[in-house]
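> the sequence isn't on hand, but the structure is:
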């Protein structure tokens, strides 16, 4: 009986260490990738799903540390098959004031080198608001 309990405890400990090892390898891989490739731009404002009340939106992002031009893409679909805007930008902000459709979700992302940022979005309010 003692041998079975010992083996069960040994198995549990080995399983915990294996999970820890996998977690450390995953985190280590992300850190090495960031060091080797650099960290690309990340959308900051407006927050995902934010409702914009006026006919323009100010986009802001964290630049990252990759030494390459940044392309801003804005689309009506999250897969960016037909972007409304695809242009090189400098700095960390861009005001988008094209004809924005009410009650429409717009998706945006940043591409720098071979890095594509997470997709962010904003919604144009369906209501008319005088500001």
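Received the coordinates, thanks. Just so it is clear, the model here is predicted, and its values are computed rather than measured.

> start from the N-terminal end of the protein and give the helices.
Assigned helices in the chain, in chain order: 2-37 (criterion: DSSP state H).

> tell me who's in contact with the most centrally placed residue in it.
Centroid-nearest residue in the chain: residue 118, 2.2 Å away (criterion: C-alpha atoms, centre = their mean). The contact partners of residue 118, by C-beta atoms under 8 Å, 6 or more residues apart in numbering, come to 42, 43, 109. Where you see a C-beta, it was placed from the backbone N, CA and C, and this is true even at glycine.

> in ChimeraX, how would I select the buried members of the residues you listed?
To isolate the buried members of the contacts of residue 118 in ChimeraX, using 16 or more other C-beta atoms under 10 Å:
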select :43,109
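
> just to revisit the earlier point, look up how far residue 125 lies from the residue nearest to the centre of the chain.
Going from residue 118 to residue 125 by C-beta to C-beta, to the nearest Å gives 24 Å.

> do the same with residue 6
Noted for residue 6: a distance of 66 Å to residue 125, by C-beta to C-beta.

> which residues does the longest strand along the chain contact?
Assignment by DSSP state E gives strand 105-112 as the longest strand of the chain. By C-beta under 8 Å, 6+ apart, the surrounding residues in contact with strand 105-112 are 40-43, 57, 59, 61, 64, 66, 68-78, 80, 84, 96, 100, 116-124.
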